[in-house]
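Asker: For reference, the sequence and a predicted model appear below.
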Amino acid sequence: QQASNPFTRGTAARLGGVTPAEGLLTDPIAETALLGLIEVRRAKASALRALRRVKEADDLLVATSELARGNGVDRPIVAAPLYRTMGVTAAALGAHEPAIDRFTRSALNYQGAMPGSRAQADTNLQYADQLVRSGKSLNALDYCRSAVASLIELTASTTPELIAPCLKAYFDSIGGQTGQNQTMIGEMFVASQLGQSGIVSQQISQASANLAENSRNPKVGAAIRKQRDLKVELSGLYDRRDVLAAERDRFGGGGGAQQEDSDRLEARIRDVQTKLAEADSELQAASPNFGQLTPQTVKADAIYPLLHPGEAFVSLSTNQTEGWIFVLRDGRISVSRIALGREGVGKLVQAIRASIENVDNRGRPPPFDVASARALFDAVFAPAMPRLENATSVVVAPSGPLLSLPMELLLTGAASNDNLPDAPWLVRKFR
């Protein structure tokens, strides 16, 4: 019975010391079924990991990898996601060195099968995470830069948690010199925005009323639809390019008709990219406020000319364990670490809001939470205050829980509910 099973033949040959090439599958139907089995096993392993049966998931993935190699189907398009899942699972086991090895293999396979894809970008971010955890922040930088470049090209964002290790890698690379390496801090500033976009996008719906008002103008509505349709088409073209790359890897070749298809696809992608850029310009002209509602990355050099003398721009970025405050002023950018993570920041924000919103049956609010207002300032703003000294005005771009609190409510020093009109509110620092 075993001899008639095409899936065991290759594995048995490999285990017997015979090279995989001597036991390869030759039946296309059997090969397609095996590829499906590999993907099902990978999905099952992910489910086992989610159920905290991590060792069981890892064993299943190792066996699946051996099955793929033994039958000669471990091509880049198959190996890339498989090794990525194996890397995530090894990381969940706390096995950082095996995780690094698996993410290395996944990244190399994605580079061969789907270069510039979202999947490759996410893998590079996960790989960077393991390198940073292993004390190899400088080694992580190349993978961070590659991921950031791909996400920007794809006009995609990521989560604060996925980008967090890269922000630490950028910060470690400047050696604590928070304002010295302008190029590196500028890169870190752009990367931080990719993590904020996922949070900011949740706030876009709150501004939909303003957008709806503009959409009543037929010219604005047409521009929005045109931009949306082109984005959808471009996303589909990117997916088609990934599929063609996978087919070339799976079946070989790349010449003749297949190459003509690829050339036509690349030409269409360039054409749609050009039309999308034109549509963006048309929408900006028709509705100048629309750009404020769409996540995008902005370089520090683009902000400097917009600031008046004495004015500073502050960007706040938080993740699960820490955060960063960027200050752009007088043609320079600096960054400082926020020791409080998003959960800690959120608790302070909730405490402050409760002290101004939870009124009694007479409409009177409780005593203002001066302790939380001071603690939040000390955690978030205090690290950057030397760079804000003597600033006449400050523009703040918050993220996460800070989006729901006016920064003017923070206290820079001791205060009492008995004399709040004279309290050292943050707004009084910059007039």
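Answerer: The structure has been received and is ready for your questions.

Asker: immediately after the strand or helix carrying Arg42, which helix or strand?
Answerer: If you go by DSSP states H and E, Arg42 is part of helix 28-50. Downstream of helix 28-50, the next assigned helix or strand under DSSP H and E is helix 54-70.

Asker: what's the helix holding Arg42 in contact with?
Answerer: Helix 28-50 has contacts (C-beta atoms under 8 Å, 6 or more residues apart in numbering) with 6-7, 25, 54, 56-58, 60-61, 63-64, 67-68, 71, 73, 78, 81-82, 85, 88-89, 92. Any C-beta I mention is one placed from the backbone N, CA and C, and that applies to glycine too.

Asker: Mind checking the pLDDT average for stretch 387-397?
Answerer: Mean per-residue pLDDT for stretch 387-397: 90.

Asker: can I have it written out in CSV, keeping just the CAs?
Answerer: Provided in CSV are the C-alpha atoms of stretch 387-397 (Å, rounded to 0.1, in the frame of the first residue of the first chain):
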residue,chain,number,x,y,z
ARG,A,387,14.1,70.4,22.1
LEU,A,388,10.9,72.4,22.6
GLU,A,389,12.5,75.0,24.8
ASN,A,390,11.5,78.6,23.7
ALA,A,391,9.2,77.3,21.0
THR,A,392,6.4,79.7,20.3
SER,A,393,3.9,77.1,19.1
VAL,A,394,3.7,73.4,18.7
VAL,A,395,1.7,71.2,16.2
VAL,A,396,1.1,67.7,17.7
ALA,A,397,0.3,64.6,15.7
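
Asker: how about that stretch: buried residues?
Answerer: Buried residues in stretch 387-397, defined by neighbour count with 16 or more other C-beta atoms under 10 Å: 387-388, 391, 394, 396-397.

Asker: Dump these into a markdown table; add distance to Met188 and secondary structure as well.
Answerer: Below are these laid out as a markdown table (distance: C-beta to C-beta, whole Å; DSSP: H, G, I helix; E, B strand; the rest coil):
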| residue | distance to Met188 | secondary structure |
| --- | --- | --- |
| Arg387 | 15 | helix |
| Leu388 | 19 | helix |
| Ala391 | 22 | coil |
| Val394 | 20 | strand |
| Val396 | 18 | strand |
| Ala397 | 15 | strand |
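
Asker: Let's have the residues you listed in JSON lines, adding distance to Leu151.
Answerer: JSON lines is the format used below for the buried residues of stretch 387-397 (distance: C-beta to C-beta, whole Å):
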{"residue": "Arg387", "distance to Leu151": "28"}
{"residue": "Leu388", "distance to Leu151": "30"}
{"residue": "Ala391", "distance to Leu151": "32"}
{"residue": "Val394", "distance to Leu151": "29"}
{"residue": "Val396", "distance to Leu151": "25"}
{"residue": "Ala397", "distance to Leu151": "19"}
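
Asker: Write the PyMOL selection for whichever of the contacts of helix 28-50 are buried.
Answerer: Entered in PyMOL, the line below selects the buried ones among the contacts of helix 28-50, by 16+ other C-beta under 10 Å:
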select buried, resi 6+7+25+54+57+58+60+61+64+67+68+71+73+78+81+82+85+88+89+92
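
Asker: which one of the buried residues of stretch 387-397 sits closest to Val232?
Answerer: Taking C-beta to C-beta as the measure, Val232 lies nearest Ala397 of the buried residues of stretch 387-397, at 28.5 Å.

Asker: With adjacent residues omitted, what lies nearest to the closest one?
Answerer: Of all residues not flanking Ala397 in the chain, Ser315 sits nearest, at 4.6 Å (C-beta to C-beta, 6 or more residues apart in numbering).

Asker: Can you report phi and psi for the spatially most central residue of the chain?
Answerer: Nearest residue to the geometric centre of the chain (C-alpha atoms, centre = their mean): Thr158, 2.1 Å. Here is the backbone geometry of Thr158 (degrees, to the nearest 10): phi -140, psi -170.
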